[in-house]
Each structure stands twice: as structure tokens, then as C-alpha cells.
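Trainee: My questions are about this predicted structure, shown below with the sequence.
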Amino acid sequence: MLDQIVKAYNEAVFETDKEAAFDVVNAALADGMTAEEIVFKVVIPAVEEMMSNITKDPDANLAQHFMTAQIAAEVTEKMLVKFEYPPEIIGRVVIGTAHGDLHSLGKRIVMGCLKALMVEVTDLGVNVPAEKFVEAALAQDAQVIAVSAMMVHTATGDNGARKVRQILQERGLESRFRLVVGGAPYRFDNELYKTVGADGWAPDGVNAGRMIVNMIKEVKAS
Amino acid sequence: MPTLLIHSAAGEQRLAVAVGQSVRDALDITELRVRAACGGTGTCGACLVKLIGGAVSTPTVAEYMKLTPDERAAGTRLACQMRLKGDAEILLDQPAPPSHWKSLPVENLTTPSGSLPDLQEHIYGVAVDLGTTHIRVALWDRKHGKRIATRRGPNPQGAYGADVLNRLDAARAHPDRAAVLAKLARTAIIQAVRDILARDVGEVTPMLAEIGQVLIVGNTAMLALLTEHGGAALVDPAYWQQTIDCRPADAAAWQSQWFMPNAAIVMPTPVAGFIGSDLIADLIATRLTAGPAGSMLIDVGTNTEIALWDGQHLHVTSVPGGPAFEGVGIRHGMPAEPGAICRVRAADDGFTCETIGGSAARGICGSGLADAIAVLLAQGKLKPSGRFAVSPGPEGFALDPTNPKSTITGIDVDAFQRAKAATAAAMAQLLLQANLHWNDLQRLCVCGAFGHTLDIAHAQAVGLLPPLDPARIELFADASLAGCEESLLAMQGNAQFSALTAKTKTVNLSLVSGYEDRYIDHLRLRPIQINI
């Protein structure tokens, strides 16, 4: 039965059909499957498959990535409230768009994937001052600070990732958090993330999810 | 409509021409223009063409005066005098030098109503719609309420970025570049005016001195770049909802650069950092606030602006829809100009493509792209996710297998999905802000990139427009320019603009929670769900 559910769910996700995905999940619940089983045996494998497929599927477009990440996040959110015990979170991330930047969609795919992978995400929104990233990371006891920037001047400017790095240095917090960045300017110059003081970057939202999960593991292991 | 076949050094071109239209007027909206130095009155004798055959009007008195008997015997005609009665064939061996400036199609123009100003001097006026991608200009004899001519051409700032933010970024990062960008736009405006004067009046410099007003509307970023005002502020989100004064710092310098010593340069103040005076010009042209509560206007473009009239207030917002609807960023995308596929219909299992002007397809414009996607979807060749049922590969899907310019790629579909989702989600969000529902919409005015050629049923099928009774949906071409022209003739300066601006309530979608979810929900290619 599980195989059929996985197949039907993956098909719905591939077609970016949120209603169909929920139909599959609701039918599975009605058949006696638990919310935990649905998340760990259906949703997470689907997200992982999407991550491994992204570079092999040239036909998948950005609109589809937005929609599939959204389905993963919404299904996970609905299932989490049905969990018998609170789920084990693998880590925490604070994410936001750099100061001066109102582009918020870039981080949507990242957040969708992370939520489905049991990472607790605190969304600080857009136009976020550097201090707020650090304060929130401390308050949430996060492992990773993720700064999105879609314009050259917000990616490279003095009030974005660069300033977050500076604050981490000044306050001796560098071993506690990894700083990662994403957004169009980093795609044009693959070494730019180093220039602005970040520990990592990813070329797209799905890969960013994978990169952040690895960073969380690194921080936890250190 | 009859077909005009034109032979020239550029090869053969076919053009659909209305019966009674002159050859010159027909060619003026294309890249292939005749030489001209009068307003089509037959007095300059420059617009020579050779008639090869076909059904055309007989030579006029002007042609007898300007052409020798030998020339007439050889089939030489004046393109401004010769009108089509049926199919015809001509040779154009001495075309005008290539230019970016073309006339707007007559069907896009409206005649403003109202009384005319009582002017004794400097009776001419210029209306300018300064768009991110295109600049539109009209020259008027204000005293007699006569439009001399119009022009549309590309905004030369496009070389510094297709979208607004890239250009603002360029201007902010290098002060020298800000001056370059401003000069590019100012030069383009005067080039358009000079092109009109040279071709449609026959006199340039003396006429420039007779121009009494230049009225410029545009989105705030374009106005800021034009005047070198506030560009840096516009990049900072703190200023997005504030009024930004974009008047020229040194109007005398403009007058002297433009050779227009008597022209008042009027630039109505834009509504906010992200909502321009072009939206207000649209409202003037469509008389949106004179209509019932629940009247909405969308001006579709690289930066789509939306206004919703609830009977008391105008809720306004803008959304970066991306330039896809203007043909930018689409593999074979092009603006709605001759040669653009503007309509696509299903035919058996294939397609029929209609191009603007009826010539061979050179690319596809916004309405053609919406049509093509709707038809592909209905045929099951494209799925609601935006994926092709059978991957056509990176070369894309050919609507016409014999024409490589008719292909649509997966990346094109993606760009379209994101542009239509931003538009639909912004409309939905604005309705929510006004506490209205889709079904409350009594009137929906669609202005901007699509012009008159958008197929409403197709736009509804892909989720670009709501599935309302089509009688409630009206299409407008070049509405911003029309509103600007109306204001130019009304001679009230800023008053009309400020009266409407006073009714506005701006909504910055970047700061509205829920907008993103709405955007993602609208990415699928399916009708907007209006009953939830």
C-alpha cells in the first residue's frame, strides 16, 4: 500500500497539483496511516528525490520548484499538528532578505525544503538589518544564518552578509553559526560568497536546502 | 483586408492594409518607411514608390504637380497619395534611413473629448509616456485639437538593464552613469519629436520653438532616472511608499538642449516610489473613477501597476511582473510590432498563427504567447505545471514547423507563468485589501503590453485574467499616452493628476503577508479560482 501512496504522491508533486497531493495524504490518513509515517516515508523521500533530481531534470522550471516546495511545506505543516509527539528537529535556521532588499521569493523554495526536512525555520522577512539576523540566531539557538539578496548592491554592500560576518567576528560568535547566502548576484560570480564573508552558497533553492542541512550537521558535530 | 506586397532591398514583405489607407501610413508603423518631409499632404514629393500592379487610387493633383510625365508613365507614385482599393504590389527602392521610431497604429489612438484651449502662441504640445521598455510620444496642435503624429521607439536605457532595479542600480553605483542614463532618455524624447517634425511637418527647429508644453508621464523609476532625482532613494525600500519629486532640477537646460525655449516641461508627481504617473494617466484615459465601485485597472508591463476603485478610494499597487509580456526574456519574444505572432488558434492538431500586419512571423508578442500557451494547454501538449507532455528539448515547441521564429521553450513558459502569477496574485491581494471579491468586479480595464490583441478567453484559461463575464473586461492600447494627451489638451497642468492621486491608498505587496502564498498558488496554468 505504501508503494502506491508514494507513487500517487510523487505523481501529484511532479504535476505540481497541490489539491491532488492533499487528496493522496488525506486518503492515506483515512486508511490508518499516521502523520509521522506520511512525513517520514512519503514527504521527506519525495523532497530528497527532488534534490537529487534537480540537476538531472533540465525541463523543470523555477515556477515548478516554487510549487513543489510549497506543497512539501504545506503538507508537512498540516501533518506536524497531528504528530503524537513533537517531531525531532534536526536543527534551526534563521533566514531573511538582506537590508535594503525587498525580494522575498528567493528564499521561499529554501524554506519549503527545509521545513519538510524537519529543520525549524525562522523567517525574518525582507529588508532585515544585520543585527537582527544575529539577535534572532542567538534567540533561536540556530546553527545557520541564511541571507538572501537579489540585487548586486544588497549582496555586496556593507549592510548585508558582510555586516553579519563583522558582527559575528566582533562578538566572538563565529564558531557558533554558519553564514550562508543565496540570490542572483552569487550565480553570476561563484566566488562572490567568499568575498562577502559567507561560509557557503547554493545556485538554487533546492540545493540550498541540502547545503544548509550539511552546515547544520557540521555545527552540531563541532 | 487587402495585402500590400512590398519589394525592397530588405526582401519581400507582405502587409495587411485597410481599404482607403495610404501606402505611407501603412508603412509608417513598420521598420520600412518611405522618405518624407511633409505631413502626407503631397507637398514634399519625397515618398516615391513604384507601383508594379494592383488596385489603387488614381494619381492625385499633388502627384501631377510633383512627378514628371515620364515618372508617372514608369509607375512612380507618391506613397502618401496612393490609397489601397485591393491587393497591390510596389517597389520601394529609396526607403528612409532605418530608424527606431515608428508610428502607433491608428486603431490604438483615441481622440480626447472636452473643450480646446484658447491659445494665441506656442500652440504645439508634446505628450510623452516614458516606459521602461518603450517610449511613446505624440505631437499635438493644441489650439485646433489636432494630433500631428505619434511615435513609439525603444527606451535606449535598456542597454543598462531590462528591468527597473538593474537600471537604478547602475545609476546608483556610478554617478557618471546616472548622467548617461538621463541623457539617453532625454535624447530619445527629442529624437522622436524631431522625427515627427521632419517627416510629418517638414520643418524642425522653427517648429521646436512653437512647442509650449511637454507633458511627461512614466513610472517613478523612469522619471527619477530622467531627472537624475531620487534614484538612490528609490533603491532604498524606506522610500517606496513616499512621494518622490521627480521634476527637472534645471528646466532651462532641458529647454536649451531640446531647442524648445518656450516649452513648459510638466511632470506630474508620481504617486509613490513604486507607482508612477503613468497609472494616473491610465485612470484619466479610462475614466475609472467615474464608473461603479468594483472597477479595476491593470497596466501590464515590465512593472505591472494596478488600481482598484471601491467608490471612495483608489487602492493602488505595483508588482514586478517581469518583461515577459513585452517579449523580453522570451527566446523569440518581441514587442507587439509588425511580424509579431499576436494570435494563435487551434487548427486540427496544429495551429494557425496571425501576425501583426500579416507579414511572415519574426517572433511572438505577449498576446501571442498567452494564446499559444492556452492552446497548447487545451490540446494537452502542455500540462498545468508548465511542463510539456513530451519534452520538445531546448529548441522548444514549433507552432509553425516551417518557421524557427515560432518556437516556444520551457523557459518561455516558466517566464510566462511567473509573470501571470504575479499579475493575478496582485489583483487578488488588492481585492482583499479593499474587502471585495472577484465577483464584485463590475469593470476590468486591461491596459499596457497586450494592446487590443489579447484573447480574453485564452487569458482566462491560463489564469492571467479572472473568469468574469467577458463583457466586463475592456482592452486598451496605449492608454497612458491617451491620458497624457487628454491632460495636455485640458491645460490644467498637474491638477487632474493630483486630484486622482489624492484618492489613492498605496499597498506595498512586499510587506503584505500572504502575498507570496497567493503568488505561488497562481503559478499553475489554470483558471483563477474566483469562488473561494
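Mentor: Looks like it came in fine. Note that this is a predicted model, so its numbers are computed, not measured. Residues are numbered from 1 along each chain as shown, chains lettered A, B, ... in the order given.
Trainee: Only C-alpha atoms from now on, for both contacts and neighbour counts.
Mentor: Will do.
Trainee: Which SSE is immediately downstream of the lowest-mean-pLDDT helix or strand in chain A?
Mentor: Using mean pLDDT, DSSP states H and E, the weakest-scoring helix or strand in chain A turns out to be helix A:44-53, at a mean of 83. Next along the chain after helix A:44-53, taking DSSP states H and E as the criterion, comes helix A:62-80.
Trainee: okay, now A:I167: neighbour count?
Mentor: A:I167 has 17 neighbours, counted by other C-alpha atoms under 10 Å in any protein chain shown.
Trainee: if I read this right, it contacts A:E131, doesn't it?
Mentor: Yes: assessed by C-alpha atoms under 8 Å, A:I167 is found in contact with A:E131 at 7.4 Å.
Trainee: Report how many residues lie close to the closest residue to chain A within the stretch 301-450 of chain B.
Mentor: Closest residue of the stretch 301-450 of chain B to chain A, C-alpha to the nearest C-alpha: B:S385 (5.4 Å). By other C-alpha under 10 Å, the residues close to B:S385 number 24.
Trainee: Report pLDDT for it.
Mentor: Confidence at B:S385, expressed as pLDDT, is 95.
Trainee: Tell me which helix or strand in chain B has the weakest average pLDDT.
Mentor: helix B:231-235 (a mean of 66).
Trainee: Would you mind listing what in chain A touches chain B?
Mentor: Proximity of chain A to chain B, by C-alpha under 8 Å from any C-alpha of the partner chain, involves residues A:15-17, A:59-64, A:66-67, A:70, A:100-105, A:126-127, A:151-153.
Trainee: Can you tell me the number of residues neighbouring the nearest residue to B:A221 once chain neighbours are set aside?
Mentor: Leaving aside its sequence neighbours, B:A221 sits nearest to B:V164 (C-alpha to C-alpha, 6 or more residues apart in numbering or on different chains; 6.5 Å). By the criterion of other C-alpha under 10 Å, B:V164 has 24 neighbours.
Trainee: do the same with the one 4 residues further on
Mentor: Close neighbours of B:L168, defined as other C-alpha under 10 Å, add up to 24.
Trainee: how about the residue nearest to A:L192 when sequence neighbours are not counted, what does it touch?
Mentor: Nearest-residue entry for A:L192: A:Y186, 5.8 Å, with adjacent residues in sequence omitted and distances by C-alpha to C-alpha, 6+ apart. Taking C-alpha atoms under 8 Å, 6 or more residues apart in numbering or on different chains, we find A:Y186 in contact with A:155, A:192-193, A:201, A:203.
Trainee: what do you get for A:W201?
Mentor: By C-alpha under 8 Å, 6+ apart, the contact set of A:W201 is A:180-182, A:186, A:193, A:208, A:211.
Trainee: ok, 10 Å please
Mentor: A:146-148, A:179-183, A:186-187, A:190-194, A:207-208, A:211-212 (C-alpha atoms under 10 Å, 6 or more residues apart in numbering or on different chains).
Trainee: Roughly how far does the residue of the stretch 151-300 of chain B found nearest chain A sit from A:T154?
Mentor: Nearest residue of the stretch 151-300 of chain B to chain A (C-alpha to the nearest C-alpha) works out as B:D236 at 5.5 Å. To A:T154, B:D236 is 10 Å away according to C-alpha to C-alpha, to the nearest Å.
Trainee: Find the residues that touch each one of the two.
Mentor: Joint contacts of B:D236 and A:T154 (C-alpha under 10 Å, 6+ apart) are A:99-102, A:127.
Trainee: picking that back up, how many neighbours does the nearest residue to the residue of the stretch 151-300 of chain B closest to chain A once chain neighbours are set aside have?
Mentor: Using C-alpha to C-alpha, 6+ apart and skipping the chain neighbours, the partner closest in space to B:D236 is A:G100 (5.5 Å). A:G100 has 22 neighbouring residues, counting by other C-alpha under 10 Å.
Trainee: Equivalent analysis for B:L165, please.
Mentor: Neighbours around B:L165, by other C-alpha under 10 Å: 16.
Trainee: Just list the residues touching it, thanks.
Mentor: A:151-152, B:171, B:221, B:234-235, B:320.
Trainee: ok, and the most crowded of the residues you listed?
Mentor: Counting neighbours by other C-alpha under 10 Å, B:A221 leads the contacts of B:L165 with 27 neighbours.
Trainee: tell me what the helix or strand where it lies is packed against?
Mentor: Taking DSSP H and E as the criterion, B:A221 maps to helix B:220-227. Using 3 or more C-alpha pairs under 10 Å, 6 or more residues apart in numbering or on different chains; DSSP states H and E, the elements in contact with helix B:220-227 are strand B:124-130, helix B:164-173, helix B:175-196, strand B:211-218, helix B:231-235, helix B:277-286.
Trainee: anything in stretch B:428-442 near chain A?
Mentor: No: contact of stretch B:428-442 with chain A (C-alpha under 10 Å from any C-alpha of the partner chain) is absent, the minimum separation being 16.1 Å.
Trainee: Return the distance of the residue of chain A most remote from its centre relative to chain B.
Mentor: Within chain A, A:D31 marks the point farthest from the mean C-alpha position, 30.7 Å out by C-alpha atoms, centre = their mean. Distance of A:D31 to chain B, computed by C-alpha to the nearest C-alpha, to the nearest Å: 28 Å.
Trainee: Hmm, B:S480 is touching B:V300, no?
Mentor: No: counting by C-alpha atoms under 10 Å, B:S480 does not reach B:V300; the two are 11.3 Å apart.
Trainee: so what sits against both of the two?
Mentor: By C-alpha under 10 Å, 6+ apart, the residues touching both B:S480 and B:V300 are B:447-448.
Trainee: And the two? Which one has more around it.
Mentor: B:S480 (31 against 27).
Trainee: what about the stretch 151-300 of chain B, any weak spots by pLDDT?
Mentor: B:230-233, B:235, B:237-240 (pLDDT under 70).
Trainee: now with 80?
Mentor: For the stretch 151-300 of chain B, the stretches with pLDDT under 80 are B:162-166, B:169, B:172-173, B:175, B:229-246.
Trainee: The stretch 301-450 of chain B too?
Mentor: Short version for the stretch 301-450 of chain B, where the test is pLDDT under 80: B:302, B:321-323, B:349.
Trainee: What segments of chain A are strands?
Mentor: A:91-97, A:119-123, A:144-148, A:178-182, A:200-201 (DSSP state E).
Trainee: how about the longest helix seen in chain B as CSV, C-alpha atoms only?
Mentor: For chain B, the helix with the greatest residue count under DSSP state H is helix B:410-433. The C-alpha atoms that make up helix B:410-433 are tabulated as CSV, following Å, rounded to 0.1, in the frame of the first residue of the first chain:
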residue,chain,number,x,y,z
GLY,B,410,10.1,25.5,-21.5
ILE,B,411,11.9,28.6,-20.2
ASP,B,412,9.4,30.8,-22.0
VAL,B,413,6.5,29.0,-20.4
ASP,B,414,8.2,29.5,-17.0
ALA,B,415,8.7,33.2,-17.5
PHE,B,416,5.0,33.5,-18.6
GLN,B,417,3.8,31.5,-15.5
ARG,B,418,5.7,33.8,-13.1
ALA,B,419,4.5,37.0,-14.9
LYS,B,420,0.9,35.9,-14.9
ALA,B,421,1.0,34.6,-11.3
ALA,B,422,2.4,38.0,-10.1
THR,B,423,-0.3,39.8,-12.0
ALA,B,424,-3.2,37.6,-10.8
ALA,B,425,-1.9,37.4,-7.2
ALA,B,426,-1.5,41.2,-7.1
MET,B,427,-5.1,41.6,-8.3
ALA,B,428,-6.3,39.1,-5.7
GLN,B,429,-4.4,40.8,-2.9
LEU,B,430,-5.7,44.3,-3.9
LEU,B,431,-9.3,43.0,-3.8
LEU,B,432,-8.6,41.6,-0.3
GLN,B,433,-7.3,45.0,0.8
